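K.L.:
Give me a model of this one.
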Amino acid sequence: MLAFLIGEAFRNLRRGGRVAASAVLLITLSLAALGAFWVLSLNIGSAVEQWRDRLRVVVYLREEPPAGEVEGLLKKIEGVGGIQRLRYVSKAEALQTLRRQLGGKVSEVEQLPTNPLPPSVEVTPAPEASTPEGTRALIQRLSALAEVEEVQGGTAWVEWLAQLQGLLQLIGLALGGVLALAAILTATTATTLVLHARREEMEIMRLVGASEMVIRLPLFLQGLAQGLVGAGLAVGALYGAYRLALPTLEPLLSFTLGLSRAAFFSPIEVALLLGGGGLLGALGGLAAKGERPA
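P.N.:
Numbering: from 1, shown residues only. Model (predicted):
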């Protein structure tokens with residue numbers, strides 16, 4: 001029985017002709033558009049996570065505490081919450097770091113009458129505080145401490161990447177949604193054409209006692225097949241484009257986002273795309289309406 005139903009589904013697919021091919025094409029385009037933005041969003045999401053891991057907040061102190069009070073000051077700063085690690089940087093250590101950074105221009109530093117650099121505390125936010133909102137709240141709490149002169153935290157880049165990721169997801173969903181709706185309508189049209197072409201055959205099946213489910217199941221399977229074929233083509237096209245663009249993409253992503261490798265879909269995500277294609281086609285098959293003879 002199953003072999004008969006599957007065979008009927010593919011015969012129906014051939015009967016659909018150009019309309020069925022159009023449905024497959026639209027499903028391919030909708031999932032390819034959605035998948036392209038999804039891949040971009042995955043890579044930007046990886047960059048956001050990496051930058052969050054590297055995020056540091058620098059707390060500049062009003063004056064250098066005596067050596068015996070440093071530990072107490074660090075505990076006070078840690079007490080504001082949302083801190084994973086912290087490290088005290090004295091005025092002398094800050095000056096040594098500046099000398100290393102200047103290299104050949106170190107003589108300019110030696111001409112300074114006094115050490116102008118402030119002492120500071122380098123703070124690594126805890127995971128729950130490494131989001132843009134969490135880091136802003138942490139900076140506000142640190143700024144309220146009496147010993148603190150200024151707090152700096154490089155959250156602007158992370159915020160911009162997070163906003164870009166959200167925008168890409170929105171565009172991908174909107175474009176993919178419009179194309180998916182068109183694909184469902186086209187799959188419905190293709191299945192409806194088959195329904196009209198098989199009116200007499202289906203009526204004979206009813207007369208000999210076939211259930212409505214047995215009669216319509218091949219049409220449902222036709223839509224499902226259209227969706228799976230379209231999804232497979234979309235995944236293949238996306239992977240081909242990914243492999244072709246990889247030599248150019250990887251240096252660009254490394255330079256702009258700090259990613260060592262461009263990511264593609266995991267097997268689970270590929271399965272989700274295939275399932276999405278099958279669902280689009282199946283919905284088209286279920287929505288088809290044929291005139292049932294009286």
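
K.L.:
Helix, strand, or coil at the residue nearest to residue 249 when sequence neighbours are not counted?
P.N.:
Here the nearest residue to residue 249 in space, its sequence neighbours aside, is residue 262; by Cβ to Cβ, 6 or more residues apart in numbering that works out to 4.8 Å. For the C-beta atoms, the positions are set from N, CA and C on the backbone; glycine is no exception. Taken by DSSP: H, G, I helix; E, B strand; the rest coil, the conformation at residue 262 corresponds to coil.

K.L.:
State the number of residues packed around residue 49.
P.N.:
Applying the criterion other Cβ atoms under 10 Å, we find 13 residues in the vicinity of residue 49.

K.L.:
oh sorry, the question was meant for residue 148
P.N.:
Neighbours of residue 148 under the rule other Cβ under 10 Å: 17.

K.L.:
So it is in contact with residue 59, correct?
P.N.:
Yes: contact status for residue 148 versus residue 59: in contact at 5.6 Å, counting by Cβ atoms under 8 Å.

K.L.:
Need the overlap of contacts for the two.
P.N.:
When contacts are counted by Cβ atoms under 8 Å, 6 or more residues apart in numbering, residue 148 and residue 59 are jointly contacted by residue 142.

K.L.:
show me where this protein has helices.
P.N.:
With DSSP state H, the ranges of helices along the chain come out as 2-54, 70-78, 91-102, 106-110, 132-143, 156-197, 199-207, 212-256, 267-287.

K.L.:
List the contacts of the residue lying closest to residue 187 once chain neighbours are set aside.
P.N.:
If you skip the residues right next to it in sequence, residue 187 has residue 284 as its closest partner in space, 2.4 Å away by Cβ to Cβ, 6+ apart. Taking Cβ under 8 Å, 6+ apart as the contact definition, residue 284 lies against 23, 183-188, 190-191, 223, 226-227.
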